[in-house]
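**Student:** Sequence and predicted structure below; questions after.
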Amino acid sequence: MAETFLSIQNVRKAFGATTVVQDFNLDVERGEFVSFLGPSGCGKTTMLRIVAGFEEPSAGMVMVGGKDVTNLKPNQRDIGMVFQAYALFPNLTVAQNIGFGLKVAGVPRAESDARVAEMLSIIKLPEFGSRYPYQLSGGQQQRVALARALAPRPKLLLLDEPLSALDAKVRVSLREEIRGIQKKLGITTIFVTHDQEEALSMSDRIVVMYGGKAEQVGTPFEIYNKPATRFVASFVGTLNILEGTVSDPASGTVRVNGSEIALKRKLDGKAAGDEISLALRPEAISVGDHPGRDASIAGEISDVSFLGSVIRVRVGVGKNAVSLDTFNSPATPPPVVGETANITFAASDLLVLQ
Amino acid sequence: MKTGRFWAWLTFAVGAAYFFIPLIATFEFSLRMRRGEYSFDAYRVVFGDIRFQETFGYSVVVACFTILLGVLLVVPTAYWIRLRMPHIRPVVEFITLLPLIIPAIVIVFGYIRMYGSSSPLPFLATRRGTDLLLIIGYATLALPYMYRAVDTGLRTIDVRTLTEAAQILGAGWTTIIARIILPNVLIAVLSGAFLTFAIVIGEFTMASLLNRPAFGPYLQNIGANRAYEPAALAVIAFAITWGCMAVIQLLSRFAPKSANNPSH
């Protein structure tokens, strides 16, 4: 069992009558990269601000390195933070921005200069020390903000949607860079995002938040493949919902649009004839027979969108509509709207939504 | 389109004439001290007058201290209101506007009643105390301009995020205000400072009633007793004001890079 470095215990935060975070518990190991993922207003940024010390929790405790920091001011916590809007000091050069924390801490000039040079080299902007923030692109500014946060060697790094103000291409390259630097330095990191792709690609673990609560905590693989709640299933990745009825709860057989599907697992709390919501990821579905896919439902092609490398197909299955992507192949013409088609999938890939 | 331009130019010409003709007339009059020819005699007399030098010097010193007091008072206040108490901003704006509504004579009579030699705060008992009271009074008179200038400057930067970024890097309030906030609103502070300077240099009521040797009472005294020198002084006063404006422009060009000043 690895050592718990950041421990958030029973944290609740209310603004007046509105509770924005409730019953939040999380243990983060040293060097771990954990993402808070959720829609706007789910409390993820508030939780991050509580860890940073910008908000005081209404109840609960935050511990960093075994020390209770709940009542410490932000400037006493030894935490680095990167903000969505960069927040570089406009009147200071890049080097002065990076060296700000070191200067405040009274680090000798020579040592501070060496650290600034090291950080500039880590973010691959060694020639940019004398420039001002307004002379940099968004991606460069955010790299400088990262270097500034890391320069004083904080115990913990907080990233508050650092990529959301950047364009798509820069976002992808910068997220790889951030993760690379985080791994290299081994710094414990909390990353707030509403972008599931960012969370899935960067994190050791993800906390999916909704309505101020942690809906599920798990690895990206667990979150995506074994969502604990309907919200997690629908928020993370694209999901097709199939409404059906339970035929035999003991053997786990359900009926969807006239087809019997054996889930091969007991459906606890369900009775025969009960309605049931099932979910399928698009990549788990094929049109027509496919090896390893033991269940099929008849449907009708309702829409075909040619997107270049992939073709997005929508298939009407009774009152449900299923969306799936197939790879484009020059030898195979795309499906035609109106033709009947069997969608096939492995019954074990069906998620039962609670 | 052409008609629109004509009226625009006409309006501009009328406005400019309204402003410049009296100024030109004053300037022309100030040159007539020597009978039958133009000369700068009136200016020579004014600049050579020891009282001009003393009162102008006194007012410049008082203006500098007023600016310092105004900056120390207004920058942290406007910053704190933007950061933590935005809901009381209308109240503070109203308070800062009061000096425009309440005549300076009311304020100064209040001072005389409150801070006389028998009061617990006897500012008026000593000359230095009276100077201090005059500086405080001028800071009050300049408040509407200084507060608005600084507040407008603060509006151009993300006060909250910059503060939080500095805090999380270990900075305390003094460091945040001195190293982050003030440099980023420096142009705005300078605008407020030069407006303050212009107000202090020409102010008469407070200096006169507190019996301090300031430039305003000197202007009034010369105006009441001489013919050509007041015109020369009026032109000099204009030149000082315009000089202040020019310095604002110049400093904004050479000021440190900031959110207010990203284009250079």
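**Tutor:** All right, it came through fine.
**Student:** What distance do you get for the residue of the stretch 151-300 of chain A found nearest chain B to B:V14?
**Tutor:** Residue nearest to chain B within the stretch 151-300 of chain A (C-beta to the nearest C-beta): A:P152, separated by 6.7 Å. C-beta coordinates here come from the backbone N, C-alpha and C atoms, glycine included. According to C-beta to C-beta, to the nearest Å, A:P152 stands 62 Å off from B:V14.
**Student:** and those two? which has more neighbours close in?
**Tutor:** Remark: of A:P152 and B:V14, A:P152 carries more neighbours, 23 against 10, as counted by other C-beta atoms under 10 Å in any protein chain shown.
**Student:** Who are the contact partners of the more buried one?
**Tutor:** A:78, A:80, A:101-102, A:105, A:107, B:169-170 (C-beta atoms under 8 Å, 6 or more residues apart in numbering or on different chains).
**Student:** tell me the secondary structure for B:E164?
**Tutor:** Judged by DSSP: H, G, I helix; E, B strand; the rest coil, the three-state class of B:E164 is helix.
**Student:** out of everything not next to it in sequence, what's closest to it?
**Tutor:** A:F54 (5.8 Å; C-beta to C-beta, 6 or more residues apart in numbering or on different chains).
**Student:** which residues touch that neighbour?
**Tutor:** Contacts of A:F54 (C-beta under 8 Å, 6+ apart): A:74, B:164, B:167.
**Student:** The residues you listed into CSV, with extra columns for pLDDT and neighbour count?
**Tutor:** Listed next are those as CSV, based on pLDDT from 0 to 100; neighbours: other C-beta atoms under 10 Å in any protein chain shown:
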residue, pLDDT, neighbour count
A:P74, 94, 21
B:E164, 95, 22
B:Q167, 95, 22
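**Student:** export the residues you listed to a markdown table and tack on distance to A:T189?
**Tutor:** A markdown table is the format used below for the contacts of A:F54 (distance: C-beta to C-beta, whole Å):
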| residue | distance to A:T189 |
| --- | --- |
| A:P74 | 17 |
| B:E164 | 18 |
| B:Q167 | 19 |
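**Student:** Could you single out the nearest of these to A:Y224?
**Tutor:** The closest of the contacts of A:F54 to A:Y224 turns out to be B:E164 (C-beta to C-beta; 33.1 Å).
**Student:** first vs last residue of stretch B:36-56, how far apart are they?
**Tutor:** 31 Å (C-alpha to C-alpha, to the nearest Å).
**Student:** contacting residues for B:Y111?
**Tutor:** Counted by C-beta under 8 Å, 6+ apart, B:Y111 has contacts B:123-124, B:133, B:137, B:210.
**Student:** A:K13 versus the residue of the stretch 151-300 of chain A closest to chain B, what's the distance?
**Tutor:** Distance, A:P152 to A:K13, using C-beta to C-beta: 27 Å.
**Student:** need the residues of chain A near chain B, please.
**Tutor:** A:52-54, A:73-75, A:77, A:79-81, A:83, A:85, A:87-91, A:100-101, A:104-105, A:132, A:134, A:145, A:148-149, A:152 (C-beta under 8 Å from any C-beta of the partner chain).
**Student:** Let's see which of the residues you listed end up in helices.
**Tutor:** Those of the residues of chain A next to chain B mapping onto helices are A:52, A:100-101, A:104, A:145, A:148-149, per DSSP state H.
**Student:** Helices along the stretch 151-264 of chain B, start to end?
**Tutor:** Taking DSSP state H, counting those that start in this stretch as the criterion, the stretch 151-264 of chain B contains helices spanning B:159-168, B:173-175, B:182-184, B:186-202, B:205-209, B:215-225, B:229-254.
**Student:** can I get those helices in a markdown table with distance to B:V74?
**Tutor:** Shown next, in a markdown table, are the helices of the stretch 151-264 of chain B (distance: least, C-beta to C-beta, whole Å):
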| stretch | distance to B:V74 |
| --- | --- |
| helix B:159-168 | 14 |
| helix B:173-175 | 16 |
| helix B:182-184 | 11 |
| helix B:186-202 | 7 |
| helix B:205-209 | 19 |
| helix B:215-225 | 23 |
| helix B:229-254 | 17 |
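**Student:** Show me the shaky parts of the stretch 1-150 of chain B.
**Tutor:** Within the stretch 1-150 of chain B, the stretches with pLDDT under 70 are B:1.
**Student:** can you give me the strands in it?
**Tutor:** In the stretch 1-150 of chain B, no strands are defined using DSSP state E, counting those that start in this stretch.
**Student:** And the helices in it, which stretches?
**Tutor:** Along the stretch 1-150 of chain B, counting by DSSP H, counting those that start in this stretch, helices occupy B:2-30, B:41-48, B:50-83, B:89-101, B:104-114, B:127-155.
**Student:** hey, which of the ones you listed is tucked in deepest?
**Tutor:** Each of the helices of the stretch 1-150 of chain B was scored by mean neighbour count; the highest is helix B:127-155, a mean of 21, by mean count of other C-beta atoms under 10 Å in any protein chain shown.
**Student:** Just read off the phi/psi values of residue 39.
**Tutor:** Using chain A here. phi -70, psi 170 (degrees, to the nearest 10).
**Student:** Can you look at chain B instead?
**Tutor:** Main-chain dihedrals, B:S39, degrees, to the nearest 10: phi -150, psi 170.
**Student:** Chain neighbours aside, what residue packs nearest to the residue nearest to the spatial centre of chain B?
**Tutor:** The structure's chain B has its C-alpha centroid closest to B:T196; by C-alpha atoms, centre = their mean the separation is 1.5 Å. Counting by C-beta to C-beta, 6+ apart, B:T196 lies nearest to B:A142, which is 4.0 Å off, once chain neighbours are set aside.
**Student:** residues in contact with that neighbour?
**Tutor:** B:66, B:70, B:99, B:192, B:195-196, B:199-200.
**Student:** Same question for A:N328.
**Tutor:** A:306, A:308-311, A:334.
**Student:** With A:D268 instead?
**Tutor:** Neighbours of A:D268 in contact, by C-beta under 8 Å, 6+ apart: A:P249.
**Student:** before we move on, which element is it in?
**Tutor:** A:D268 is part of no helix or strand, with elements assigned from DSSP states H and E.
**Student:** what stretches of the stretch 151-300 of chain A score poorly on pLDDT?
**Tutor:** Scanning the stretch 151-300 of chain A for pLDDT under 70 picks out nothing.
**Student:** quick one, helices of it?
**Tutor:** With DSSP H, counting those that start in this stretch, the ranges of helices along the stretch 151-300 of chain A come out as A:168-185, A:196-202, A:220-225, A:230-235.
**Student:** what comes into contact with the second one?
**Tutor:** So that's helix A:196-202. A:33, A:35, A:37, A:163, A:171, A:175, A:178-179, A:191, A:193, A:206, A:220, A:223-224, A:235-237.
**Student:** Separate out the buried members of those residues.
**Tutor:** A:33, A:35, A:37, A:163, A:171, A:175, A:178-179, A:191, A:193, A:206, A:220, A:223-224, A:235-237 (16 or more other C-beta atoms under 10 Å in any protein chain shown).
**Student:** wait, does stretch B:241-252 contact chain A?
**Tutor:** No - shown here: stretch B:241-252 not in contact with chain A (C-beta under 8 Å from any C-beta), separated by at least 13.8 Å.
**Student:** How far off centre is the helix or strand harbouring A:M47?
**Tutor:** In the assignment (DSSP H and E), A:M47 maps to helix A:44-52. How far helix A:44-52 lies from its chain's middle: 16 Å, per C-alpha atoms, centre = their mean, to the nearest Å.
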